[in-house]
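> quick one: sequence plus predicted model below, questions after.
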Amino acid sequence: MKETTKQNISILIITLLIGASAFLFIKMIRPALSEEKELKTKVKEAEEKIALLKEYKTKSDVLIDNYSKLGDQIANINFALPDKPETAEVLAILDVISKKLGITLNTIVFKEGIEKEMNFLEIRTSFSASYDDFKQWAGEIEKELRLMDFLNTEVKFADISQQVSSSSAKKKTTKTLPSPVLEYNITLWTYYNQSDNEDKNAK
């Protein structure tokens, strides 16, 4: 009888322990495992988002760097083909080039127009200079970022008085004859990209 009682008590204790273990697993351990699994999933999602953000940032940095490198090129394009005639700018360019070569512009006239849907600014100017100075002047014009085309060039001999004054101004350290002074009448075209709205307002 006592042995049977002991066995029953042992079975009861084991049953209670198993039940307690099951209770603990259901109430505490399983939720903890589920929470851990959920946290791992969230951590993985966060890591994927961080990696994606880093990828976007890298691409953004590359685009910003490329745009900054293109900045000077864009500025040059805008200077070469502005959205307005920029007459004062053209005048300044011609003035700087002419003064650099000791050429005085006798006349300069500007006129705006349109040719084949392209807006242009016509520049008519005249000056006296030797052929060598004129070649340098034309070369400087062609090297300018602002697009300029020689539309017409008329050349004729200048007055004798200009020839004499030009010759006497040169040093007499060479036996070669000075280049004759010629009178040039130049017509240039420079272009600009005026918008449709500005065209309508101008009309």
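Yes, it's here.

> gap between residue 9 and residue 18?
15 Å (C-beta to C-beta, to the nearest Å). C-betas here are computed from N, CA, C, even on glycine.

> residue 151 now?
For residue 151, the distance to residue 18 - C-beta to C-beta - is 106 Å.

> so those two - more neighbours on which side?
residue 151 (13 against 10; other C-beta atoms under 10 Å).

> lowest average confidence, helix or strand, in this protein?
Counting by mean pLDDT, DSSP states H and E, the chain has its least confident helix or strand at helix 160-169, which shows a mean of 42.

> residues touching the following helix or strand past that helix, excluding its own?
Downstream of helix 160-169, the next assigned helix or strand under DSSP states H and E is strand 181-192. Identification of contacts with strand 181-192 by C-beta atoms under 8 Å, 6 or more residues apart in numbering yields 81-86, 90, 118-131, 134, 141, 146-158, 162-163, 166.

> where does the protein dip in pLDDT?
Within the chain, the segments meeting pLDDT under 70 span 1-3, 6-8, 12, 19-27, 29-30, 32-33, 70-71, 159-179, 195-203.

> quick one: distance of the helix or strand harbouring residue 42 to the chain centre.
Counting by DSSP H and E, the element that carries residue 42 is helix 30-80. Relative to the centre of its chain, helix 30-80 is centred 24 Å away, using C-alpha atoms, centre = their mean, to the nearest Å.

> same thing with stretch 76-95?
For stretch 76-95, the distance to the chain centre is 17 Å (C-alpha atoms, centre = their mean).

> and that stretch, what's buried?
By neighbour count on 16 or more other C-beta atoms under 10 Å, the buried set for stretch 76-95 is 81-82, 85-86, 90, 93-94.

> could you break the protein into its assigned domains?
1-80, 87-202 (automatic domain parsing).

> show me what residue 114 is bridged to.
residue 119 (DSSP bridges).

> how close does it get to residue 59?
43 Å.

> mind checking which of the contacts of strand 181-192 are in strands?
Using DSSP state E, the subset of these located in strands is 118-130, 148-157.

> buried ones among those?
119-121, 123, 125, 127-130, 148.

> between those, which is nearest residue 39?
residue 119 (66.4 Å; C-beta to C-beta).

> and the buried ones among the ones in strands among the contacts of strand 181-192, which two are the farthest apart?
It's 119 and 130 that sit farthest apart of these, by C-beta to C-beta, at 34.7 Å.
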